[in-house]
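> Whatever this is, show me its structure:
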Amino acid sequence: MKLKRQNLPQLPAHIARPAYAPDQVKTGIAHIGVGGFHRAHQAAYTDALMNTGEGLEWGICGIGTRADELSMRDALASQDYLYTLVELDDRPDTEVRVIGSIREMLLVGEDGSESVVARLADPAIRIVSLTITEGGYCMDDGTGEFNAALPHIQHDVENPRAPISVFGLLCAALAKRRGQGVPAFTVMSCDNLPHNGDVTRKATLAFANLVDSELANWIAQNVSFPNAMVDRITPMTSAAHRKDLRQNHEIDDAWPVVCEPFVQWVLEDKFNAGRPAWEKVGVQFTDDVAPYEEMKIKLLNGSHLALTYLGFLRGYRFVHETMADPLFVEYIRQYMDEDVTPQLAPVTGIDLTQYKRTLIERFSNCAIADQLERVCSDGSSKFPKFTVPTINRLIADNAELDRAALVVAAWALYLRGVDENGDRYRIPDPRAEFCQSLVEDDDGLADRLLGREEIFGNHIGRSPAFREAFDRNLLRLTTLGVSGTLDLLLTR
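Sure, this is the predicted structure:
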């Protein structure tokens, strides 16, 4: 049965569906970057709140800035912006649920900048949220400053009333609200990067100062940028997932989303224009997100990178395949226990031993079939956030470096585009060509790679101890292979 509002009553009984009438939902949130994670996380939390009878004024208007979002928008529009969320696990009681919290979607390229800015400037919009990936914040990881030289940023500086970038859109809408005497909205990042609210504030103010310093001052005084820690593994939805939904659940959904059952959201309660009562559906509000985000980013995201490039080189293509290899499981356990845990401050309400045990279980989830390619993607932007802080601390503490250096050595070999079986693959990274140029020649490889401060900062390349560990593990990988290297590392 085609997923549409009129067909909801005819869906099979085991399919959870909105307990509210979609036409009663008013739009109060605009979300830029309607990908799988947003639909499995923030939109799902919002839908859960609406199912309690609350929060119907917080429906979501999706905003797209990329041409490749057109097919998704058209698919969702064809089914009244409803979509199915499918939890994947070995348990028989996992949820299949229709989500109705997204009510509309606009695309800059299709609907025009003016229409998008007008929607963001609408007084009904009180939160603008973001999932634009780590690289979407236009920050130079070497300097920590906003990169104003990027082409789309330069376009918006020269054409502030016809923006195409996220920060151009935000500032144009805030300028319009300021001019009309409309209160500012909250800007809420839901991306996996440390201090995501602080980073969003810095990027927004930096752009605003390029076009209007008075606007920048107004934003600084009137806009909240809460920090958040978000977590839910959300693999790419495949044709097989859609087929399974049709065959086993009798739903014809053009754009479903699949995810693991686990979900977490820790959020600073800093909203200048109100917010949904998300705490009623499991969101944890706190005055300080930092301990939670450091725990999650260093343990989950850092461990993901630690296994993903090694796994890809070994010939695996899914996370659970990698975790079926005892060498990888023991390596990840040691990385988490010996390298990361000593760096973490106590986290209220979290048992770290249990948290790490849960991570191993989540990574090993066969049903979710999380693609290593997804985790490998955009490594040049992920390393500075997920791995470099751990390495810097290890260097400062004169600690063991081999496990962490192996992560970087594996990435260096991965960038060459061929695994141990001779199979070639693409490198999903916006800077793929540049990164591959760093590892083309063996001579001077460590200098070229580790010396890139926009990826590795200014400490790693200057550490003789880390360079030695990197060279040692790169040599082991090229001579012993992944399994031989892990066996040597774990049994010495």
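
> now M229, which residues is it bridged with?
When assigned by DSSP bridges, M229 has beta-bridge partners V266.

> residues contacting it?
Residues in contact with M229 (Cβ atoms under 8 Å, 6 or more residues apart in numbering) are 264-267, 289, 292-293, 296. C-beta here means a position set from N, CA and C on the backbone, and glycine is covered the same way.

> could you redo the last one with a cut-off of 7 Å?
Shown in contact with M229 (Cβ atoms under 7 Å, 6 or more residues apart in numbering): 266, 289, 292-293, 296.

> Spatially, which two of those are the most separated?
Greatest spatial distance among the contacts of M229 (Cβ to Cβ): V289 and K296, at 9.8 Å.

> re the thing from before, which of the contacts of M229 sits closest to M188?
V289 (11.9 Å).

> Hmm, that closest one is touching N227, no?
Yes - judged on Cβ atoms under 7 Å, V289 makes contact with N227 at a distance of 4.3 Å.

> isn't T200 right up against D191?
No - with contact defined as Cβ under 7 Å, T200 does not reach D191; the gap is 8.5 Å.

> The two: which has the busier surroundings?
Taking neighbours as other Cβ atoms under 10 Å, T200 and D191 compare with T200 leading, 26 against 21.

> Show me where the stretch 351-492 of the chain has its helices.
352-363, 372-376, 379-386, 388-396, 402-414, 432-438, 445-450, 453-456, 464-491 (DSSP state H, counting those that start in this stretch).

> Now mean pLDDT, distance to D325 and mean neighbour count too, for the ones you listed, in a markdown table please.
As requested, these are exported to a markdown table (pLDDT from 0 to 100; distance: least, Cβ to Cβ, whole Å; neighbours: other Cβ atoms under 10 Å):
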| stretch | mean pLDDT | distance to D325 | mean neighbour count |
| --- | --- | --- | --- |
| helix 352-363 | 96 | 12 | 16 |
| helix 372-376 | 94 | 13 | 21 |
| helix 379-386 | 93 | 21 | 24 |
| helix 388-396 | 97 | 23 | 20 |
| helix 402-414 | 98 | 14 | 24 |
| helix 432-438 | 97 | 26 | 15 |
| helix 445-450 | 96 | 26 | 18 |
| helix 453-456 | 93 | 28 | 20 |
| helix 464-491 | 97 | 8 | 17 |
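
> nearest to R66, of these?
The closest of those to R66 is helix 379-386. By Cβ to Cβ, the value is 16.2 Å.

> Run the angle between that closest one and helix 402-414 for me.
170 degrees (axes from the mean of the first three to the mean of the last three Cα atoms, to 10 degrees).

> For helix 379-386, enumerate the helices and strands it packs against.
Judged by 3 or more Cβ pairs under 7 Å, 6 or more residues apart in numbering; DSSP states H and E, helix 379-386 is in contact with helix 302-314, helix 453-456.

> starting at the chain centroid, how far to it?
With Cα atoms, centre = their mean, to the nearest Å as the basis, helix 379-386 stands 12 Å off its chain's centre.

> quick one: contacts of that helix?
Residues outside helix 379-386 that contact it (Cβ under 7 Å, 6+ apart) are 134-135, 141, 193-194, 297, 301-302, 305, 411, 429, 431, 435, 455-457.

> Please apply the same query to stretch 388-405.
With contacts defined as Cβ under 7 Å, 6+ apart, stretch 388-405 is touched by 298, 302, 334-335, 338-340, 343, 456-457, 459-460, 463, 465-466, 469-470, 473, 489.

> Just the CA trace of that stretch, in PDB.
Taking Å, rounded to 0.1, in the frame of the first residue of the first chain, the C-alpha atoms of stretch 388-405 are listed here in PDB:
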ATOM      1  CA  VAL A 388      43.100  14.100  16.900                       C
ATOM      2  CA  PRO A 389      42.100  15.200  20.400                       C
ATOM      3  CA  THR A 390      42.700  11.700  21.700                       C
ATOM      4  CA  ILE A 391      46.100  11.600  20.000                       C
ATOM      5  CA  ASN A 392      47.100  15.000  21.300                       C
ATOM      6  CA  ARG A 393      46.300  14.000  24.900                       C
ATOM      7  CA  LEU A 394      48.300  10.700  24.500                       C
ATOM      8  CA  ILE A 395      51.300  12.600  23.200                       C
ATOM      9  CA  ALA A 396      51.000  15.100  26.100                       C
ATOM     10  CA  ASP A 397      50.900  12.300  28.600                       C
ATOM     11  CA  ASN A 398      53.800  10.400  27.100                       C
ATOM     12  CA  ALA A 399      51.400   7.400  26.700                       C
ATOM     13  CA  GLU A 400      51.400   4.400  24.500                       C
ATOM     14  CA  LEU A 401      50.800   5.600  20.800                       C
ATOM     15  CA  ASP A 402      50.700   2.500  18.700                       C
ATOM     16  CA  ARG A 403      47.000   1.800  18.800                       C
ATOM     17  CA  ALA A 404      46.200   5.400  17.900                       C
ATOM     18  CA  ALA A 405      48.900   5.600  15.300                       C
END
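
> What distance do you get for T485 to D339?
Distance of T485 to D339, given as Cβ to Cβ, to the nearest Å: 16 Å.

> Now do the shared contacts for T200 and D191.
Any residue near both T200 and D191 by Cβ under 7 Å, 6+ apart counts here, and that gives L130.

> For G444, the count of nearby residues, please.
10.

> List the contacts of it.
Contacts of G444 (Cβ under 7 Å, 6+ apart): none.

> One more pass at 10 Å, please.
Taking Cβ atoms under 10 Å, 6 or more residues apart in numbering, we find G444 in contact with 438, 451.

> What residues sit buried inside stretch 320-335?
320-323, 325, 327-329, 331-333, 335 (16 or more other Cβ atoms under 10 Å).

> Switch these over to a markdown table; also include distance to A220.
Shown next, in a markdown table, are these (distance: Cβ to Cβ, whole Å):
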| residue | distance to A220 |
| --- | --- |
| H320 | 46 |
| E321 | 48 |
| T322 | 45 |
| M323 | 45 |
| D325 | 50 |
| L327 | 51 |
| F328 | 46 |
| V329 | 47 |
| Y331 | 45 |
| I332 | 42 |
| R333 | 45 |
| Y335 | 40 |
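
> Please flag which of these sit within helices.
320-323, 327-329, 331-333 (DSSP state H).

> biggest separation within the residues you listed, which pair?
Across these, the longest distance by Cβ to Cβ is 17.7 Å; it joins E321 and R333.

> hang on, the earlier thing: wait, which of the ones in helices among the buried residues of stretch 320-335 is closest to Y45?
H320 (26.0 Å).

> mind listing what the spatially closest residue to the closest one that is not a sequence neighbour touches?
Leaving aside its sequence neighbours, H320 sits nearest to C366 (Cβ to Cβ, 6 or more residues apart in numbering; 4.7 Å). Counting by Cβ under 10 Å, 6+ apart, C366 makes contact with 88-90, 318-321, 323-324.

> Could you do I332 as well?
By Cβ under 10 Å, 6+ apart, the residues touching I332 are 299, 302-304, 306-307, 310, 322-323, 356, 359-360, 363, 403.

> Redo those as a markdown table? Include distance to I99.
Putting the contacts of I332 into a markdown table (distance: Cβ to Cβ, whole Å) gives the following:
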| residue | distance to I99 |
| --- | --- |
| L299 | 29 |
| G302 | 30 |
| S303 | 29 |
| H304 | 26 |
| A306 | 33 |
| L307 | 31 |
| L310 | 36 |
| T322 | 30 |
| M323 | 29 |
| K356 | 31 |
| L359 | 26 |
| I360 | 29 |
| F363 | 26 |
| R403 | 40 |
